[in-house]
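**Student:** Requesting a structural model of the entry that follows:
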Amino acid sequence: MFKKIAKRLYFLMPFKKHLFTILKNIYLPSQKIFQHLYFKGVFNVFSGTNTFKMYHTGKIIENQLFWRGLDGFEPHSLKLWSRLSRDAETIFDLGANSGIYSLISKSENLNAKVYAFECVDRVFDVLKKILILIIMIFHVLSKLFQIKME
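**Tutor:** So this is what the prediction gives:
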C-alpha cells in the first residue's frame, strides 16, 4: 500500500526535470538511485561537440542519457557514432528504438541525410512521437521508416 501511494505521489510531483537538473549539477547520484529518478519531457544531451534535444519518455535509455550523458548508454558506440557522423553524407539508423543515434547524427552533421528505421510497432509509435515532437519544436530534419517484418 505504501509503495502504491509513494509511486502516485512521485507521478504527481511537479518540476521533476528542473529539480533533477539542479541535483545532477550539484551531486551525481549512483545509478542505483538515479534509475528511480525519471520524468517525461525534453532535455539536452551533450554529444561531445554539440548539444541536441532528446525527449525523455521515462524509459531506461533516456534516463541514463539524462544523468550520465553519452557515458550513460553504450558509451563507446555512441562516441564512435558521433565522430563518424561528422563526415557522413547519408546515415541509416537501423533498429532506431528511441532515435538516439539519429539525433546524435543530426547534431553532429546538420547536412547529413538521416534515415531512421524501426520494425517493432509499439517502439515505432513511440519513436514517431518523439521525433515529431523534436521536429516540431526544434526543426530537426530526419526521415523515419517503419519496416514490417512478416
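**Student:** Could you report the pLDDT at residue 32?
**Tutor:** pLDDT for residue 32: 93.
**Student:** what about it, neighbour count?
**Tutor:** The number of residues packed around residue 32, counting by other CB atoms under 10 Å, is 7. C-beta here means a position set from N, CA and C on the backbone, and glycine is covered the same way.
**Student:** Point out the other helices and strands that the strand or helix carrying it packs with.
**Tutor:** Residue 32 is part of helix 31-34, with elements assigned from DSSP states H and E. Here helix 31-34 touches helix 60-68, going by 3 or more CB pairs under 8 Å, 6 or more residues apart in numbering; DSSP states H and E.
**Student:** how many degrees apart are whatever helix or strand comes next after the helix it packs on and helix 60-68 in direction?
**Tutor:** As assigned by DSSP H and E, the chain's next helix or strand after helix 60-68 is helix 75-85. Counting by axes from the mean of the first three to the mean of the last three CA atoms, to 10 degrees, helix 75-85 lies at 90 degrees to helix 60-68.
**Student:** quick one: low-confidence parts of the protein?
**Tutor:** Residue ranges of the chain with pLDDT under 70: 133-150.
**Student:** residue ranges of the helices in it, please?
**Tutor:** 2-12, 16-26, 31-34, 60-68, 75-85, 100-108, 121-138 (DSSP state H).
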